[in-house]
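Peer 1: Please work out how this folds:
(chains A and B)
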Amino acid sequence: GAGVSQSPSNKVTEKGKDVELRCDPISGHTALYWYRQRLGQGLEFLIYFQGNSAPDKSGLPSDRFSAERTGESVSTLTIQRTQQEDSAVYLCASSLGPLSSPLHFGNGTRLTVT
Amino acid sequence: EDQVTQSPEALRLQEGESSSLNCSYTVSGLRGLFWYRQDPGKGPEFLFTLYSAGEEKEKERLKATLTKKESFLHITAPKPEDSATYLCAVQTAGNTDKLIFGTGTRLQVFP
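Peer 2: All right, here's what the predicted structure looks like:
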């Protein structure tokens, strides 16, 4: 079956522009996560969805970052007025939802802000 | 504050030379500890989940173990295709399902 799909795979944008990153989770997975991975660093939690609700948004770095999920499926991470420090790989993962289910990751979107 | 520390940061092994990777954690309550493998340009790939001290899981040349303070990923007779970054993550007891990741160990196995 298909895994987690993310698009675009690469995005180069100018400082100050808005960007949208898309995640298509594995069908039937109720939980969805966004992480950020800066070069040479670990994965940094951003936000977690259970269904279409986000019970944990604690990792969003600023109000420039927002995310939504619709139809208990596709999720979009939006970064407004991008800054150079936003440059990173943004990873999406999904899981079946029950506690301690393993996360299945997509290959990420590499965002470069020039 | 919940924290996950992995060591060493990088490890170079000759093919067939067994070794261990360490993941130490400080958390308020452990719900599960996860090991992932990440290849360059790819997302992390799930390897194991461990839930309680004393538990062990094996897959091919890899064996993961768990104590109350740390986990080890043992690699027996590694091959060049085992070269990757190995990530450890913990899920803490609480009202969130997020995983807290360490920064990983970059493993290189030479023929």
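
Peer 1: ok, now how distant is the residue nearest the centre of chain A from chain B?
Peer 2: In chain A, the C-alpha nearest the mean C-alpha coordinate belongs to residue A:34, at 3.3 Å (Cα atoms, centre = their mean). If you measure residue A:34 against chain B using Cβ to the nearest Cβ, to the nearest Å, the figure is 10 Å. Quick note: C-beta positions are derived from backbone N, CA and C, even for glycine.

Peer 1: so who does that residue touch?
Peer 2: By Cβ atoms under 8 Å, 6 or more residues apart in numbering or on different chains, the contact set of residue A:34 is A:23, A:46-48, A:67, A:75, A:77, A:90-92.

Peer 1: Could you name the specific helix or strand carrying it?
Peer 2: strand A:31-37 (DSSP states H and E).

Peer 1: and that strand, which strands flank it?
Peer 2: When pairs are called by DSSP bridges, strand A:31-37 turns out to pair with strand A:43-50 (antiparallel), strand A:88-95 (antiparallel).

Peer 1: neighbours around the closest residue to residue B:18 other than its chain neighbours, how many?
Peer 2: Spatially, and ignoring its direct neighbours in sequence, residue B:18 is nearest to residue B:76 (4.9 Å; Cβ to Cβ, 6 or more residues apart in numbering or on different chains). Using other Cβ atoms under 10 Å in any protein chain shown, the number of residues around residue B:76 comes to 14.

Peer 1: Which positions in chain B make contact with chain A?
Peer 2: Within reach of chain A by Cβ under 8 Å from any Cβ of the partner chain, chain B has these residues: B:4, B:31-32, B:34, B:36, B:41-46, B:49, B:51, B:87, B:89, B:91, B:95-104.

Peer 1: among those residues, which ones are buried?
Peer 2: For the residues of chain B next to chain A, a burial check counting by 16 or more other Cβ atoms under 10 Å in any protein chain shown picks out B:4, B:32, B:34, B:36, B:43-44, B:46, B:49, B:87, B:89, B:91, B:97-104.

Peer 1: Just the ones of these in helices?
Peer 2: The helices, defined by DSSP state H, take in nothing from these.

Peer 1: Okay, and which of those map to strands?
Peer 2: Residues of these located in strands (DSSP state E): B:4, B:32, B:34, B:36, B:46, B:49, B:87, B:89, B:91, B:99-101.

Peer 1: could those residues go into a markdown table alongside pLDDT?
Peer 2: Shown next, in a markdown table, are these (pLDDT from 0 to 100):
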| residue | pLDDT |
| --- | --- |
| B:4 | 94 |
| B:32 | 91 |
| B:34 | 95 |
| B:36 | 97 |
| B:46 | 95 |
| B:49 | 93 |
| B:87 | 97 |
| B:89 | 94 |
| B:91 | 89 |
| B:99 | 88 |
| B:100 | 91 |
| B:101 | 94 |
